[in-house]
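Undergrad: My questions are about this predicted structure, shown below with the sequence.
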Amino acid sequence: MKRTVKHQISGEQITFLETAEETEGKYLYIEVALPPQGDGPPLHMHDEFEEEFEVISGQLTVTLGKEQHILQPGDKRLVTLNMAHTFTNNHDESVVFRVRLTPPSQFEQSVRIHYGLIDDGLVDAKGNPKNMTHTALILTMQNTLILGIPFWLQRTLFAWLVKRGHKNNAYKDFEKYTGKVIR
């Protein structure tokens, strides 16, 4: 599998520096390049892993709850379990930052699936999968819960959609993205 994948709509690029497989499931270590004025994900949280952000070059705005922090090269910020967060590049130069996800969840596979769907034209103009069972699988694999939507509803709906997706073979072609059968 390629070490670097690119979001063809936003221009975001992710390089897998150390995969979960290479760290025996302890963590995933990635490097992200986000273009100028580049948006990250909506405000969200994870309840299965922590993320530590470290800026390599440029400036990264990390939002934790309602507080924004502008990180400079060398700055780090830890996002603990259940902490609402997001990141953006609100500046006119690219930002490169690294993220350690501990433990790794299935984040790498979810990114590979998402970016593969983009490459195959199976997303809308914003890069969101057109098929809701695809969205549910991606968010479940990366343990992402979006703020503003009741978590119980997301968990229930995503579990039902993922089960339905497996039953209807909606993920049968995803092995080309991850190199593994999606179970």
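TA: Structure received. Numbers count the residues shown, from 1 in each chain.
Undergrad: Scan this structure for its longest helix.
TA: Longest helix in the chain, counting residues (DSSP state H): helix 151-167.
Undergrad: ok, residues contacting it?
TA: 132-137, 139-140, 145-146, 170-171, 183 (CB atoms under 8 Å, 6 or more residues apart in numbering). Where C-beta positions appear, they are placed from N, C-alpha and C, glycine not excepted.
Undergrad: What mean pLDDT does the helix or strand following that helix get?
TA: Proceeding N to C from helix 151-167, the next assigned helix or strand is helix 175-178, under DSSP states H and E. Averaged across helix 175-178, pLDDT comes to 96.
Undergrad: Just list what helix 175-178 packs against, helices and strands only.
TA: Applying 3 or more CB pairs under 8 Å, 6 or more residues apart in numbering; DSSP states H and E, one finds that helix 175-178 contacts helix 107-119.
Undergrad: Next, the residues that contact the helix or strand that the helix it packs on is followed by from outside, please.
TA: The helix or strand immediately downstream of helix 107-119 is helix 132-141, counting by DSSP H and E. Residues outside helix 132-141 that contact it (CB under 8 Å, 6+ apart): 105-107, 109-110, 113-114, 117, 122, 128-129, 145-146, 154, 157-159, 161-162, 164-165, 168, 170-171, 182.
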